[in-house]
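> show me how the following folds:
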Amino acid sequence: MTPPIGDFEQRILFALLHLGADAYGVTVRAEIADRTGRAISAGALYTALDRLEKRGLVSSRLGDPTPARGGKRKRLYTVEPAGERAVAHVYESLRLMANGLRTRLKTAKG
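Coordinates of the predicted model:
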């Protein structure tokens, strides 16, 4: 079993799953900000992506050079099966813990 993943890593993995195969740093940061309202620094993101890659939860590859980036290549990220299992475990755990709390949580949010 994969060791637990923290909240920040969870957000990154969820963002990568939403974005698909062409996800890269800028789009991951935007996806997290759009969905959570939380801005994250590029440094924190890339540190976490490196950590996730070392753990075998994501992989990366270099995309094609683009004129818009001055010929630089983007590093594209993909969630590996182990990363999908880790996210599925987190999602299921939260779903089970939250079961039956919808009314109470809606009231608390208000």
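
> in this protein, where's the longest helix?
Determined from DSSP state H, the single longest helix within the chain is helix 81-98.

> packing partners of the following helix or strand past that helix?
Later in the chain than helix 81-98, the nearest helix or strand by DSSP states H and E is helix 102-109. If you count contacts as 3 or more C-beta pairs under 8 Å, 6 or more residues apart in numbering; DSSP states H and E, helix 102-109 packs onto no helix or strand. No exception for glycine: its C-beta is placed from N, CA and C like everyone else's.

> show me how far helix 102-109 is from its chain's centre.
26 Å (C-alpha atoms, centre = their mean, to the nearest Å).

> restricting to C-alpha, output that helix in CSV.
What follows is helix 102-109, C-alpha atoms only, in CSV (Å, rounded to 0.1, in the frame of the first residue of the first chain):
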residue,chain,number,x,y,z
ARG,A,102,-24.5,16.6,4.4
THR,A,103,-27.1,18.6,6.3
ARG,A,104,-24.8,19.4,9.2
LEU,A,105,-21.9,20.5,6.9
LYS,A,106,-24.3,22.7,4.8
THR,A,107,-25.4,24.4,8.0
ALA,A,108,-21.8,24.9,9.1
LYS,A,109,-20.8,26.4,5.8
